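1. I would like the atomic coordinates for the input below:
(chains A and B)
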Amino acid sequence: NAGVTQTPKFRVLKTGQSMTLLCAQDMNHEYMYWYRQDPGMGLRLIHYSVGEGTTAKGEVPDGYNVSRLKKQNFLLGLESAAPSQTSVYFCASRRTGELFFGEGSRLTVL
Amino acid sequence: AQSVSQHNHHVILSEAASLELGCNYSYGGTVNLFWYVQYPGQHLQLLLKYFSGDPLVKGIKGFEAEFIKSKFSFNLRKPSVQWSDTAEYFCAVNREGRDDKIIFGKGTRLHILP
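-> The predicted structure follows:
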């Protein structure tokens, strides 16, 4: 029973490089979310999806893109990484209000 | 804009002390409220949630929270903390019927002295 799985767990990028974080859930949840966690800032919502083929902006969407081509997957992309995007990224899926989180992906942008 | 405020950024207590962590939100409509906990090195887990009904909600590990609508508050309490409660605690809010965002506060880091 995997729940929510994020890959990769760690990544180091150079400024300007692109990358994609993958989130996969096996609970058949409609809703999925991407957050970033920074010291003293809590979790800030980047983008979310209410179902396959849908995406919506959260609190801090700039510099990120997302796609939800399949219900079980929610991808977060950085087209041109910046040092300000150094963070821990958490994906979550949602059932009746409760969020189920992945273990996080630590991204460092040099 | 919807916001969630946690007033205590860092709390240090001794074992067996009582705990109360504050949470206020800015939205005036119907809300769903949550407290999540993040133990060191782990991802967030749900402690408790409020959707409707009894404003005093009981969660796991002896935690409870009280929804006071007039004060826009959802404070977390525990009568007697343990060393294992050392963690970061996050309050979160969803505006029912408005959108599907779940917005978190900045968190309170709780350190329990043995």
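
2. Surely A:Trp34 and A:Tyr89 touch.
-> Yes - in this structure, A:Trp34 is within contact of A:Tyr89 by CB atoms under 8 Å, at 6.5 Å. (Glycine included, C-beta is placed from N, CA and C.)

3. between those two, who's got more neighbours?
-> Neighbours were counted for A:Trp34 and for A:Tyr89 using other CB atoms under 10 Å in any protein chain shown; A:Trp34 has more, 27 against 22.

4. Bridge partners for that one, pull those for me.
-> According to DSSP bridges, the partner residues bridging A:Trp34 are A:His47, A:Cys91.

5. quick one: it and chain B, what's the gap?
-> Counting by CB to the nearest CB, to the nearest Å, the gap from A:Trp34 to chain B is 12 Å.

6. How confident was the prediction at that residue?
-> Per-residue confidence (pLDDT) for A:Trp34: 98.

7. swap in B:Cys91?
-> 96.

8. returning to what we had before: intersection of neighbour lists for A:Trp34 and A:Tyr89?
-> Common contacts of A:Trp34 and A:Tyr89 (CB atoms under 8 Å, 6 or more residues apart in numbering or on different chains): A:Leu21, A:Ile46, A:Leu76.

9. which of those lies closest to chain B?
-> Within the shared contacts of A:Trp34 and A:Tyr89, the smallest distance to chain B is 11.0 Å, found for A:Ile46 (CB to the nearest CB).

10. That's all I had, so thanks and see you.
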